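1. sequence and predicted structure are below.
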Amino acid sequence: MSSAHLPPNALTRLPALRRRLLGQRPCGLFTDIDGTLSDIAWPPERAVVSAACRRGLERLVDRFDLVAAVSGRSAPEAREMVGLDDLTYIGLHGLEEIASGHLRVAKAAKRAATILPALVAQVVGRLGCLPGLYLERKTYGLAVHFRTAENPQAARQAVLAVLSSTVDAAVFDLVEGRKVVEVRPRARIDKGTAVRRLIRRHGLKAAIYLGDDITDVDAFRAIQQLKRRETLDGMAIVVASQETPPEVSAAADLSLDSVDQVACLLESLAQARRL
Ligand SMILES: [Mg+2]
């Protein structure tokens, strides 16, 4: 993707960002984890949240009324990765939430868990012999990664063909991400609905959302919609890389070009005087 399509860099707008976010209370900061606080790693278990981002978030807990990490990983795994107890954690794109130390799980996820073992067996039977694929079993679903396939485009087609003929569409959705196809419990829940829920619960007047992938677009759009209704002053920030799908950048107000720049932004917001 060429940088010509990117919105302005957030680090060039710091004074306005500080004023707009911290000048309106309550205010919140939402951030994705993989590709935003941590560089994309292979396999995904190797991903590590940058120490500078962790430090920034820790300081921001005192500045913002809500700091939440919003991830496709499970909420306990997200908390483990970020390593800060005072954050709210949205896991599995909204199916799980840890707030004040308590884990809550959506009903659709519990239902999916009951038929998941049979589905996994079927998918492994049909896809297990294809080279370069990595099947990741999740608590309520499954992810098939094709990052290391020799021909990722052909692997993506094969994965989609098998999953769409195996998965019960009444219980599960297929969702594509960066070199991955995920099988997720079917629910009207995504990062966007999760972010809206927290904005409503905390009565936020201003919020910032940082993310890098397709599933973050739901949250970007939630922020844009609340802005149009003038119930929230918000900013969607894309953490862009060569892999960033154009629709993610198109839905964002501002951009950053790396996890290091995310750390700079967090640090800069943490240094802002309380307004
Ligand atoms: Mg991400």
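-> Noted; the coordinates are in hand. Note that this is a predicted model, so its numbers are computed, not measured.

2. next, give phi and psi for whichever residue of the stretch 1-150 of the chain sits closest to the ion.
-> Closest contact between the stretch 1-150 of the chain and the ion, by C-beta to the ion, is at G35 (3.7 Å). Placement of C-beta: from N, CA and C, glycine included. Torsion angles at G35 (phi, psi; degrees, to the nearest 10) stand at phi 80, psi -10.

3. what's the answer for L66, then?
-> According to degrees, to the nearest 10, L66 has phi -150, psi 130.

4. for it, which non-adjacent residue is spatially closest?
-> The spatially closest residue to L66, leaving aside those adjacent along the chain, is G28, at 3.8 Å (C-beta to C-beta, 6 or more residues apart in numbering).

5. in contact with Q224, which residues?
-> By C-beta atoms under 8 Å, 6 or more residues apart in numbering, the residues touching Q224 are 234, 236, 251.

6. just the ones of those residues in strands?
-> Counting by DSSP state E, the part of the contacts of Q224 found in strands is 234, 236.

7. so what sits opposite G234 in the bridge?
-> Counting by DSSP bridges, G234 is bridged to A207.

8. equivalent analysis for the one 5 residues further on, please.
-> Taking DSSP bridges as the rule, V239 bridges to L256.

9. number of residues surrounding it?
-> When counting by other C-beta atoms under 10 Å, one arrives at 26 neighbours for V239.

10. distance of it relative to R221?
-> 17 Å (C-beta to C-beta, to the nearest Å).

11. same check on A51?
-> Distance of A51 to R221, computed by C-beta to C-beta: 32 Å.

12. what do you get for D85?
-> 30 Å.

13. just the pLDDT for R178.
-> R178 carries a pLDDT score of 85 in this model.

14. OK, contacts around it?
-> So R178 contacts 35, 40, 213-214, 243 (C-beta under 8 Å, 6+ apart).

15. which of those residues count as buried?
-> 35, 40, 213-214 (16 or more other C-beta atoms under 10 Å).
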